[in-house]
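Engineer: Structure for the following, please:
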Amino acid sequence: MKIKYKEKPTSESVDRYISILEKYLSALDVTLKLEVYDSPNGPLEEGINDVPITRSYLWLGKMEVISSNLGDTLEIIPPRLGLDANISVKSIWDDAIEIQNAIYNKLNISITNMNDPYWKLWDHIENIK
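Structural biologist: So this is what the prediction gives:
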């Protein structure tokens, strides 16, 4: 059985994750704060036909999003349960999409044109390997 997020994320991996997310979401001028539990919740098991395939531990709590551009502070659920030190920038970019969508949904913002800051996230895709 595959075990995900068995270890608590290090402060270095959390700082790297937040830094890259903030870079990707820079058009929204966000500052992010991520709650990391002292001990995990779980384990959570996923399986097929009652046969466990993956066991995951929940290390991440709420994510606070502060944005002067959006004029609001809000809390969202992070797009993942934990962090591995070797998380790829592509995975972080995927998380940035989910976070941005959560921001827009929570604030009930409509994307009215191609100049909306929403689309600036895709400017970063060419740098992802």
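Engineer: low-scoring stretches of the protein, by residue?
Structural biologist: Counting by pLDDT under 70, the chain contains low-confidence ranges at 129.
Engineer: which helix is the longest one in it?
Structural biologist: Of all segments of type helix in the chain, defined using DSSP state H, the longest is helix 89-106.
Engineer: which residue ranges form the strands in the protein?
Structural biologist: Ranges of strands within the chain are 2-4, 30-48, 51-67, 72-76, based on DSSP state E.
Engineer: Asp123: which of those is closest?
Structural biologist: Closest to Asp123 of the strands of the chain, according to Cβ to Cβ: strand 30-48, at 15.5 Å. Placement of C-beta: from N, CA and C, glycine included.
Engineer: Just list what that closest one packs against, helices and strands only.
Structural biologist: Contact partners of strand 30-48 among helices and strands, from 3 or more Cβ pairs under 8 Å, 6 or more residues apart in numbering; DSSP states H and E: helix 11-24, strand 51-67.
Engineer: ok so, going back, most tightly packed of the strands of the chain?
Structural biologist: Among those, judged by mean count of other Cβ atoms under 10 Å, the one packed with the most neighbours on average is strand 51-67 (a mean of 16).
Engineer: relative to helix 11-24, how tilted is that one?
Structural biologist: On the basis of axes from the mean of the first three to the mean of the last three Cα atoms, to 10 degrees, strand 51-67 is oriented at 60 degrees to helix 11-24.
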